[in-house]
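1. Got a predicted structure here, sequence first:
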Amino acid sequence: MHYDFNLLLTILTIVVIMGVLQGTVAYLILLERKVAAYVQDRLGPNRVGPWGLLQPIADGLKFLFKEEIIPSHVDRWFYLAAPAIAVTTATLAFAVVPFGPTSPPPSAAWPETPQQAEALARTDFPTQVEAYNRQYQFVIAPHVDVGIVFVFAVGSLAVYGIILGGWSSANKYSFLGSLRSSAQIISYEIPLGMSVLGVVLLAESLNLEQIIHHQTEIGWHILYQPLAFLLFLTSIFAETNRLPFDLPEAEQELVGGYHTEYSGLKFGMFFLGEYTHVITTSFLAAALFLGGWHFPWIAEPGPGGVIVKLIIFAAKMFFFILFYMFVRWTLPRFRFDQLMGLAWQVLIPLALVNLLCVMAAKHVVEQYDLDERWQLVLLPVSLLLLVGVAALVGQRPERPRRSIVVIRGHERVEMTTR
Amino acid sequence: MPIPANQVKWVQEPKSSVLERLYLPGLFEGLQTTVRHLFEPRLTQQFPEERPRLPPNYRGVHRLNRDEQGRPKCVACYMCSTACPAHCIDIVAAPSPWPDREKYPETFVIDELRCIYCGMCEQACPCDAIELTTLADLTGLSREEMMFDKEKLLSVFDYTVAAGTDPIRTHSGRLSIASEVEK
């Protein structure tokens, strides 16, 4: 009754996933440029191959063959380490994120005495484990019970790449960019984590496969927690440094932010890390709130329909990526104080209250032995919360009256604001 | 002079409704605009294949105009090279082989790399012999190649006349009054 670990199969999965991931990143960059062009009524890259489809290859070759420039004033060791960290952490986070049909690992209390182990062996748990072992799980590291915690722990390490890159560049723009990034990531980790906590409470597991499975039973989590979904979505925009929260690399004010001094393949690695992050968070959003590979009537749990499930999961992921790209051309960049204000004054209190509501609903459902679907009451509750906050935010205390003194000629005029 | 109270206008930011403060309706409105543009006609001109139609008063490559008989209109008066602030026009005059004028340019070279395309040469020209055309994509592989001589400048005239892109200032055809002054 042990979970199988097939080294060969795992390595094969990793190789395929890395290949697919990097290919996807290359074409996402093309898609990003195409979307940017089409939103601005332009055509975008269209010279390399039909509809510019070979552009990613040309870009990649350019990155590879460009002269390697390491400015003389940089802190060489950290300067070289930064892009590597950015890529490594971003790809590492993908290890536990499901990308296709999965089934939840069977779980049982850990046997502490030999008697308990014997008792466990007499149940149907060993057969469940065997059945689980026979199935291929579409995730690099299946049955990792800290799944979501691992993703956030490793994913937020990506900011080290940015901080080190900015610091070691010995350039004020890079430094400002990385400084902003660190403050931003610290602030937005909190609403991100708290919005996910609600989902974890509902699913009663940190394991992503289990969270998806839970949604196949009672319906997608977005129905239960639209507010948490909104908070999660906002926070991952900040986590991945996408507009409207792309302050670390604000071209207009910071030249290029933390990657100003980087060029060639090292710059490409920052790019790769950033887009891998985008893919990972999109998969996560789909898995946590939109039911992962599940789709009512088309893709239900059970064996079979592997391709359909893969396509559905990929489509959900793609939906988020397109959303990222459209929002980029819709919202202007936040000012730094607005960014902090949004996180600390709006998102974090909202996430806290939302978490309280989830706990209360869960408690009531368990106390009175109701069906889990009664938790749908959280849907109107979270919408009410959202509107309530909007109403509250408007009722700020009136600003204190300010008076200014205008001197015209020899006269002194005092004016007071209303 | 103190500002009278009735002339002071205090401006306050407008009160926003609850719906506006939600920020989400605004976001969706913006997204609608973004997505709508995906389906609007493209404005891009595919340059080398698709030529832009530049306004006829554009100041591009020079041309030397011909008269009705196909001779250069230029009378080698040096007005253009005198007016030129970049000193890019080099003319060598010679006695005219034709009876209707005294001089004609034996050589007429414009350094297109030195030229600042200000159009003062065509303003200075008394017989409308030199003009700037709408040709804008001027390329060459060497500096020598960009020294346009008389034949080249005349061929620019032939090309632009054939292409129907005469500059708007043109009076191509007869020689100007200056050449008709009695000897």
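-> Received the coordinates, thanks. Residues are numbered from 1 along each chain as shown, chains lettered A, B, ... in the order given.
2. Reduced to three states, what does the closest residue to chain B within the stretch 201-350 of chain A come out as?
-> Residue of the stretch 201-350 of chain A nearest chain B, by CB to the nearest CB: A:Thr330 (4.0 Å). Quick note: C-beta positions are derived from backbone N, CA and C, even for glycine. With DSSP: H, G, I helix; E, B strand; the rest coil as the basis, A:Thr330 sits in coil.
3. does it really touch B:Arg36, like I thought?
-> No: contact between A:Thr330 and B:Arg36 fails when scored by CB atoms under 8 Å: they sit 11.3 Å apart.
4. Which residue, other than its chain neighbours, is closest to the spatially most central residue of chain B?
-> Among the residues of chain B, the one closest to the centroid is B:Arg59, at 1.6 Å (CA atoms, centre = their mean). Excluding the flanking residues, the one nearest B:Arg59 by CB to CB, 6 or more residues apart in numbering or on different chains is B:Leu132, at 4.3 Å.
5. need the helices for chain B, in chain order.
-> B:18-21, B:24-38, B:79-83, B:120-124, B:150-163 (DSSP state H).
6. Of the ones you listed, which shows the lowest average pLDDT?
-> Sorting those by mean pLDDT places helix B:18-21 lowest, at a mean of 74.
7. now check that helix, is it near chain A?
-> Yes: judged by CB under 8 Å from any CB of the partner chain, helix B:18-21 and chain A are in contact via B:18-19, B:21.
8. now that helix, how far from the chain's geometric center?
-> Centre-to-centre, helix B:18-21 and its host chain are 52 Å apart (CA atoms, centre = their mean, to the nearest Å).
9. Check which residues of that helix are buried.
-> B:Arg21 (16 or more other CB atoms under 10 Å in any protein chain shown).
10. just the CA coordinates of that helix, formatted as PDB?
-> Provided in PDB are the C-alpha atoms of helix B:18-21 (Å, rounded to 0.1, in the frame of the first residue of the first chain):
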ATOM      1  CA  VAL B  18     -21.500  52.900  -5.400                       C
ATOM      2  CA  LEU B  19     -21.400  51.100  -8.800                       C
ATOM      3  CA  GLU B  20     -18.500  53.300 -10.000                       C
ATOM      4  CA  ARG B  21     -16.600  52.700  -6.700                       C
END
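11. helices or strands next to that helix in the packing?
-> helix A:378-394 (3 or more CB pairs under 8 Å, 6 or more residues apart in numbering or on different chains; DSSP states H and E).
12. Surely A:Gly268 is in contact with A:Phe63?
-> Yes: counting by CB under 8 Å, A:Phe63 is a contact partner of A:Gly268 at 3.9 Å.
13. any idea of the mean pLDDT for stretch B:109-118?
-> Here the average pLDDT along stretch B:109-118 is 91.
14. Just give me how far that stretch sits from the chain centre.
-> 13 Å.
15. Tell me who's in contact with A:Phe326.
-> Listed by CB atoms under 8 Å, 6 or more residues apart in numbering or on different chains, the contact set of A:Phe326 reads A:35, A:39, B:31, B:34-35.
16. For the host helix or strand of it, buried residues please.
-> Per DSSP states H and E, A:Phe326 falls inside helix A:306-328. Buried residues in helix A:306-328, counting neighbours by 16+ other CB under 10 Å, are found at A:309-314, A:316-318, A:320-321, A:324-328.
17. now the angle between helix B:24-38 and that helix, please.
-> Interaxial angle of helix A:306-328 relative to helix B:24-38 (axes from the mean of the first three to the mean of the last three CA atoms, to 10 degrees): 100 degrees.
18. Moving C-terminal from helix A:306-328, which element do we reach first?
-> Immediately after helix A:306-328, counting by DSSP H and E, sits helix A:336-341.
19. What are the contacting residues of that following helix?
-> Contacts of helix A:336-341 (CB under 8 Å, 6+ apart): A:180, A:183-184, A:187, A:238, A:245, A:247.
20. Tell me the helices and strands packed up against whichever helix or strand comes after that helix.
-> Downstream of helix A:336-341, the first helix or strand assigned by DSSP H and E is helix A:348-367. Here helix A:348-367 touches helix A:172-203, helix A:226-239, helix A:378-394, going by 3+ CB pairs under 8 Å, 6+ apart.
21. Show me the strands in chain B, by range?
-> Under the criterion DSSP state E, strands of chain B are mapped to B:62-64, B:89-95, B:103-111, B:130-132, B:147-148.
22. Please identify the most buried of the ones you listed.
-> Greatest average neighbour count among the strands of chain B goes to strand B:62-64 (a mean of 26), per mean count of other CB atoms under 10 Å in any protein chain shown.
23. Show the average pLDDT along that one.
-> Per-residue scores along strand B:62-64 average to 90.
24. repeat for stretch A:204-221
-> Here the average pLDDT along stretch A:204-221 is 85.
25. Which helix or which strand is home to A:Thr24?
-> Short version, using DSSP H and E: A:Thr24 is in helix A:7-39.
26. Looks like A:Val25 contacts A:Thr280 (just checking).
-> No: at 11.0 Å, A:Val25 does not count as touching A:Thr280 under the criterion of CB under 8 Å.
27. who's more crowded, those two?
-> For A:Val25 versus A:Thr280, neighbours defined as other CB atoms under 10 Å in any protein chain shown are more numerous around A:Thr280 (27 against 20).
28. which SS state does the more buried one fall under?
-> Once three-state DSSP is applied, A:Thr280 turns out helix.
29. which residues sit in contact with it?
-> Here A:Thr280 is in contact with A:90, A:93-94, A:97, A:151, A:155 (criterion: CB under 8 Å, 6+ apart).
30. List just the nearest of these to chain B.
-> Closest to chain B, out of all of those and judged by CB to the nearest CB, is A:Gly155, at 24.8 Å.
31. Next, count neighbours for the closest one.
-> Residues near A:Gly155, counting by other CB under 10 Å: 25.
32. Would you mind measuring from A:Val154 to A:Tyr160?
-> 11 Å (CB to CB, to the nearest Å).
33. sorry, that was for A:Leu28
-> 23 Å.
34. ok, the two, which is more surrounded?
-> Comparing A:Leu28 with A:Tyr160 by other CB under 10 Å, the one with more neighbours is A:Leu28, at 21 against 18.
35. Skipping its backbone neighbours, what lies nearest the more buried one in space?
-> A:Leu28 sits nearest to A:Tyr275 (CB to CB, 6+ apart), 5.3 Å away.
36. The residue nearest the centre of chain A: what's it in contact with?
-> Geometric centre of chain A, nearest residue: A:Thr281, 2.9 Å, by CA atoms, centre = their mean. A:Thr281 makes contacts with A:155, A:236, A:239-240, A:320, as judged by CB under 8 Å, 6+ apart.
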